[in-house]
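Colleague: Structure for the following, please:
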Amino acid sequence: MLNTNFSIFSLVLMVSLCQAQSNADKIMDFEKYDPPSTLVVPEHMLTKAKMPFIDVHSHHFRGVDKAYLQKLGKEMTEMNMQIIVNLSGGTGENLKNMVDSANRYLPGRFVVFANINIRSIDDADWAENTVKALENDVKDLRSIKARAWMTKIVKANASK
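Modeller: As a prediction, this is how the structure comes out:
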């Protein structure tokens, strides 16, 4: 009888361990979860917004020249985007050139944010240098009768 009970116990234990291993194989992490869609509707791809809209978050770095802005303006018009906001205007000469190009080739439609450098935020003269840089940016932009609309603090620049 003891031998039979031990055999049953061993069998139950083995089945439990096999089920546990089987369940471990079925664990799915979030990145791999991709169930097939069960929604069945006719596809209706939109290429143009019904109402004019503003893209409030874009990044256009160097190379914002006449050809680039004319192509961007054409694409904006095709989708009914009225204004695009560039959060990566930079500072100094880069900012001045970007704002000048925007005003020349895409007037009223390409908003540029100035950026401040926070990589050196721990330096004793950081605040003074940053204020000087912003004052110079304002002076430079006034010289071309333009303005950067705002200043964006770029979080990615925080690492040294």
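Colleague: any chance you could map the strands in this structure?
Modeller: Secondary structure of the chain, counting by DSSP state E: strands at 53-58, 81-86, 110-116, 150-153.
Colleague: what stretches of this protein score poorly on pLDDT?
Modeller: 1-7, 9-13, 15-26, 147-151, 153-160 (pLDDT under 70).
Colleague: picking up where we left off before, pick the most buried one from the strands of the chain.
Modeller: strand 110-116 (a mean of 22; mean count of other Cβ atoms under 10 Å). Glycine gets a C-beta too; all of them are placed from N, C-alpha and C.
Colleague: between that strand and strand 81-86, how many degrees?
Modeller: Here the directions of strand 110-116 and strand 81-86 differ by 10 degrees (axes from the mean of the first three to the mean of the last three Cα atoms, to 10 degrees).
Colleague: so what strands line up beside strand 110-116?
Modeller: strand 81-86 (parallel), strand 150-153 (parallel) (DSSP bridges).
Colleague: how about the strands of the chain, which one is nearest residue 127?
Modeller: Distance to residue 127, taken as Cβ to Cβ, is lowest for strand 110-116 among the strands of the chain, at 10.3 Å.
Colleague: Just the angle for the closest one relative to strand 53-58, thanks.
Modeller: 20 degrees.
Colleague: roughly how far out does strand 110-116 sit from the chain middle?
Modeller: 15 Å (Cα atoms, centre = their mean, to the nearest Å).
Colleague: all helices of the protein, in order?
Modeller: Assigned by DSSP state H, the chain shows helices spanning 2-25, 66-79, 92-105, 126-143.
Colleague: hey, C-alpha coordinates of the last one in PDB?
Modeller: Right, the one you point to is helix 126-143. The C-alpha trace of helix 126-143 is given here as PDB (Å, rounded to 0.1, in the frame of the first residue of the first chain):
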ATOM      1  CA  TRP A 126      26.100  79.000 -17.000                       C
ATOM      2  CA  ALA A 127      23.200  81.300 -16.300                       C
ATOM      3  CA  GLU A 128      25.200  84.400 -17.400                       C
ATOM      4  CA  ASN A 129      26.300  82.700 -20.600                       C
ATOM      5  CA  THR A 130      22.800  81.400 -21.400                       C
ATOM      6  CA  VAL A 131      21.200  84.800 -20.900                       C
ATOM      7  CA  LYS A 132      23.900  86.300 -23.200                       C
ATOM      8  CA  ALA A 133      23.300  83.600 -25.800                       C
ATOM      9  CA  LEU A 134      19.500  84.300 -25.800                       C
ATOM     10  CA  GLU A 135      20.100  88.100 -25.900                       C
ATOM     11  CA  ASN A 136      22.400  87.600 -28.900                       C
ATOM     12  CA  ASP A 137      19.800  85.400 -30.600                       C
ATOM     13  CA  VAL A 138      17.100  88.000 -30.100                       C
ATOM     14  CA  LYS A 139      19.500  90.700 -31.500                       C
ATOM     15  CA  ASP A 140      20.500  88.500 -34.500                       C
ATOM     16  CA  LEU A 141      16.900  87.700 -35.300                       C
ATOM     17  CA  ARG A 142      15.900  91.400 -35.100                       C
ATOM     18  CA  SER A 143      18.600  92.200 -37.600                       C
END
